[in-house]
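**Student:** Sequence first, predicted coordinates after that:
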Amino acid sequence: MSVHDFDGLAKKFKKLSDEGVSQILKNIAEAVGETLLNLVIDEIDKQDLIDTGLMWNSFTRGEDNNIWEWDIDRNSITIEVGSNLPYARHLNDGYTIRKAHYVPGFWKANGQFVYDPAAKTGFMAKPRVFIGRQYFDIAVKELEGGMNALIMKRLEKELGRMLS
């Protein structure tokens, strides 16, 4: 190895130590966040949960009602992902209708109900309990099962990119 090659390697390591490590950590956290969102969408599809596309899209980064928040400090990088749609939580955790109430809307030919506050038709929602489908929790457990491998794979990729 010539001195020139060693100087080039030293410059790469300096670049890595200056701005590279925090960028690598951010890229890895983003990859984990994207993977979790994809697992949530897959679980919504696997369970064949009724959705007009709003909830599915709310778990797509950059879409309406998506949560994608960073918290970066000296000791950690945290990324919070999810949906701001209230019914996304109700569908995951379950909910109870405590008293009967009227829900305005209409039924499509395929049997799907469309909520419409201005509709003259609708239905009476009777008191009952809906069991949560735990789609988000299932996706998190699936992510946890392969997270170390995912992080190591991304780390290798990021280091390769930074040091090449």
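**Tutor:** Cool, got the structure.
**Student:** Arg61 against Trp68, yeah?
**Tutor:** Yes - assessed by C-beta atoms under 8 Å, Arg61 is found in contact with Trp68 at 5.4 Å. No exception for glycine: its C-beta is placed from N, CA and C like everyone else's.
**Student:** can you list residues touching both of these two?
**Tutor:** Residues touching both Arg61 and Trp68 by C-beta atoms under 8 Å, 6 or more residues apart in numbering: Gly33, Val81.
**Student:** ok, those two, which is more surrounded?
**Tutor:** Trp68 (16 against 13; other C-beta atoms under 10 Å).
**Student:** Please confirm that that one is located within a helix.
**Tutor:** No - assigned with DSSP: H, G, I helix; E, B strand; the rest coil, Trp68 falls outside any helix and is strand.
**Student:** where along this structure do the strands fall?
**Tutor:** 66-72, 77-83, 94-97, 101-107, 113-115, 122-125, 128-131 (DSSP state E).
**Student:** so which of those strands is the most packed in?
**Tutor:** strand 77-83 (a mean of 17; mean count of other C-beta atoms under 10 Å).
**Student:** What strands line up against that one, and which way round?
**Tutor:** strand 66-72 (antiparallel) (DSSP bridges).
**Student:** Tell me where this protein is predicted with low confidence.
**Tutor:** Scanning the chain for pLDDT under 70 picks out 1-20, 74-75, 163-164.
**Student:** For Leu37, give me its contacts.
**Tutor:** Phe59, Thr60, Arg61, Val81.
**Student:** Throw these into CSV and include distance to Asp116, thanks.
**Tutor:** Shown next, in CSV, are these (distance: C-beta to C-beta, whole Å):
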residue, distance to Asp116
Phe59, 24
Thr60, 25
Arg61, 29
Val81, 31
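**Student:** Widest-spaced pair of those residues?
**Tutor:** Among the contacts of Leu37, the pair separated by the greatest distance (C-beta to C-beta) is Thr60 and Val81, at 10.5 Å.
**Student:** Find the residues that touch each one of these two.
**Tutor:** Leu37, Asn66.
**Student:** Need the residue closest to the centroid of this structure.
**Tutor:** Leu37 (2.7 Å; C-alpha atoms, centre = their mean).
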